[in-house]
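> quick check, what structure comes out for this input:
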Amino acid sequence: MLTDFAVPPMVLGAAELTHLAYAGRSVAEVLAQADAFHDALDSGIAARLFDSALAWQLAFRREDALRLQAEALSRMVLYRVASTRARSLRVLAICGPGDLMANTPLDFLTRSLDVRLDLLHLLPGEALPAAIPDHDVAVFACAEADPPMLARLTALFEAWPRPALNDPRVLPGMARDALSRSLAGVPGICSPTTIAVTREALLNRRPVPGFENGPYPCLLRPIGSHAGQDLARLADEAELDAYLAASTEQRFFLSRFVDYAGADGLYRKLRIAFVGGAPFLCHMAVSGHWMVHYLNAGMTEAAWKRLEEAEAMASFDAGFARRHAPAFAALQARIGCDLWSIDCAELPDGRLLVFEVDTAAILHLMDPGDLFPYKPPQMRRVFASFDALLRRKAVMPAPAAP
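Have a look, this model is predicted:
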């Protein structure tokens, strides 16, 4: 039952705690701030455990974090992300248990908007709560789901009593192997052949479909890994054997390696968010290493890299987005999601190299404004576009200008 009388316990949530950690606070300081917040509210144990679990995830203590989260969710599956602002638009995020990559991190987008955000967690084998906060729009935020969870999410999406975003039926198409098959042969796009393989098949050198002429150089990563965790580029069988000897994983994604270095030998990776089908550049990292992550690309140390990123953002709509408009349209048609993002690059031949598509990327404004003065205007455009998307879906007017 949807009701205005269901008031979930307040939590600081992932965005607020991540902002603290990103600013250099230790896990002890993050936990202390969460404790002070909950002391002021006289919170129950569930809300305290929920925020503590997030803090430990940010400290890379995943097992401890998931244990605390499980205890929190065993007590309460509904939480309200705290804010001091008025909230005219009511949003319910339908989430699953798991780490920070398990759900769309909506509170990074909504923390600066006139939006009240509630989090409803679906637990395997457990029914929905008898009372759910009424809302204007729901967002199906689960970014990954096994077959039983996917079936449940699909049934809920089809029957949900309020407007809803992000049909969960698109999730299987975002898997690396499914995506590469879907994009094979699409003009303007390079999506390297990617196949799910077992440890046994790799050890026994079984032929891999799509790699008949040999896989090397290739990329190998455990299925389910994110952010480059245990990702390796392998040049030959000796490197494959060494990788497998150091890993206990049983299933992997095997991909062809595509060298995307520019004429200067540097690698540039872009994160582009699609909000209601419209593309926005959220960051561009420049690195001398093929495995590019924004945090290890040295963007804070190199003013020339930030200048290049600023120019990329300023020219994106008229430049990159226009060049790749057919590719973006093809991606949107295949993904069919309301809010999603890609990590990509531009190849020397002009094609769009697609690394990954998902709904769990953090779209944030955490970088220091003195070093990145060009980011606040860009990210506010992303946030405003998401706000407009929510209101279109909810059939609500945009808030009055201040």
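> pLDDT weak spots in this structure?
Low-confidence segments of the chain (pLDDT under 70): 84-86, 227-228, 396-402.
> what about the helices in it?
13-22, 27-41, 45-58, 62-75, 107-110, 147-159, 176-183, 199-203, 237-245, 303-315, 320-323, 325-335, 375-394 (DSSP state H).
> can you say which of these is packed in most?
Among those, helix 107-110 has the highest mean neighbour count (mean count of other Cβ atoms under 10 Å), at a mean of 25. No exception for glycine: its C-beta is placed from N, CA and C like everyone else's.
> mind giving me the packing neighbours of it?
helix 13-22, helix 375-394 (3 or more Cβ pairs under 8 Å, 6 or more residues apart in numbering; DSSP states H and E).
> for the last one, name the packing helices and strands.
The reference is to helix 375-394. strand 89-95, helix 107-110, strand 137-140, strand 164-165, strand 267-275, strand 278-287.
> the inter-axis angle of it versus strand 278-287?
In terms of direction (axes from the mean of the first three to the mean of the last three Cα atoms, to 10 degrees), helix 375-394 departs from strand 278-287 by 150 degrees.
> got the angle between helix 375-394 and helix 303-315?
Using the same axes, to 10 degrees: helix 375-394 against helix 303-315 is 40 degrees.
> and the shortest one, by the same measure?
Helix 13-22 and helix 303-315 are oriented at 150 degrees to each other (the same axes, to 10 degrees).
> begin at 19, not 1, for the rest of this chat.
I'll keep to 19 as the first residue from here, and by that count the last item is helix 31-40.
> what about helix 31-40, distance to the chain center?
Distance of helix 31-40 from the chain centroid (Cα atoms, centre = their mean, to the nearest Å) equals 15 Å.
> CA atoms only: put that helix into CSV for me.
Extracted C-alpha coordinates of helix 31-40, given in CSV (Å, rounded to 0.1, in the frame of the first residue of the first chain):
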residue,chain,number,x,y,z
GLY,A,31,23.4,7.9,2.3
ALA,A,32,26.1,7.1,-0.2
ALA,A,33,26.5,10.5,-1.8
GLU,A,34,27.0,12.4,1.4
LEU,A,35,29.4,9.9,2.9
THR,A,36,31.3,9.5,-0.4
HIS,A,37,31.7,13.3,-0.6
LEU,A,38,33.3,13.2,2.9
ALA,A,39,35.7,10.3,1.9
TYR,A,40,36.6,12.0,-1.4
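> which elements pack onto that helix?
So helix 31-40, by 3+ Cβ pairs under 8 Å, 6+ apart, packs with helix 45-59, helix 63-76, strand 96-99, helix 125-128.
> turn those into a markdown table, including distance to residue 320.
What follows is those, written out as a markdown table (distance: least, Cβ to Cβ, whole Å):
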| stretch | distance to residue 320 |
| --- | --- |
| helix 45-59 | 29 |
| helix 63-76 | 26 |
| strand 96-99 | 35 |
| helix 125-128 | 25 |
